[in-house]
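**Q** Here is a sequence together with a model predicted from it:
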Amino acid sequence: MAARIEHLVTSGTFSLDGGTWDVDNNVWIVGDDTEAIVIDAAHDAEAIAQAVGGRTLRAIVCTHAHNDHIDAAPELAERTGAPVLLHPDDLPLWKQTHPDKAPDAELTDGQTLAVAGVELTVLHTPGHAPGAVCLYAPALTALFSGDTLFSGGPGATGRSYSHFPTIIESIRDRLLTLPGDTVVHTGHGDTTSIAAEAPHLKEWIDRGF
């Protein structure tokens, strides 16, 4: 059975720097009928576990450690036995949400994760958060961008642990070099493509997005 991409939207809150906002998050499941990985276990471990079903969950991958992307990760790991993977540069953010539970393993730039016969390459793309990563799956013509790149622009950089010049560098050097037909599956909102976003790089810089 060929690998496929499944999409779940969960709702909750994002909290940082003393503020809290209601958010809808995209949860991505990559796999086939027997195994899968979850990208960003947001808000609702029960709903995510139901979407995974009886498949073996190989990993719970965190694109970064803002609470809305990791709040359900430990519970989902406990239910499924899957390891939680996070880039170590985001441990300070992780500890704000889960001070007593560490991730199970580290994500590193260039690492490959295999599931259902496809490989996803970890791209370290700091800026929105120090340990932000994207996952590139060329066999699926897909990039899972977390909050690094959205339809219409970069992720937010106006809060702690974020940096606008760094996210622009990450997008320019790590993402816009990918094939234009690569579909960008984002952490919030609609999907886009590399070709759709690439022409706007100078505009983002000029606007200080």
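**A** Okay, I see it. Computed from a prediction, not measured in an experiment: that's the story for all the values here.
**Q** What segments of the chain are strands?
**A** With DSSP state E as the criterion, the chain has strands at 4-16, 19-31, 35-39, 56-61, 84-86, 105-106, 112-115, 118-124, 133-137, 142-146, 149-150, 153-154, 183-186, 192-193.
**Q** do you know which of the ones you listed lies nearest residue 207?
**A** Residue 207 lies closest to strand 153-154 among those, at 8.4 Å (C-beta to C-beta). C-beta coordinates here come from the backbone N, C-alpha and C atoms, glycine included.
**Q** Of the strands of the chain, flag the one that's most buried.
**A** Neighbour counts (mean count of other C-beta atoms under 10 Å) averaged over each of the strands of the chain peak at strand 142-146, with a mean of 28.
**Q** Would you mind putting the CA coordinates of that strand into CSV?
**A** Taking Å, rounded to 0.1, in the frame of the first residue of the first chain, the C-alpha atoms of strand 142-146 are listed here in CSV:
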residue,chain,number,x,y,z
ALA,A,142,5.6,17.3,0.0
LEU,A,143,7.1,19.7,2.6
PHE,A,144,5.7,19.8,6.1
SER,A,145,6.6,23.3,7.1
GLY,A,146,5.2,23.7,10.7
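**Q** quick one, it and strand 19-31 angle?
**A** Between the axes of strand 142-146 and strand 19-31, defined by axes from the mean of the first three to the mean of the last three C-alpha atoms, to 10 degrees, the angle is 160 degrees.
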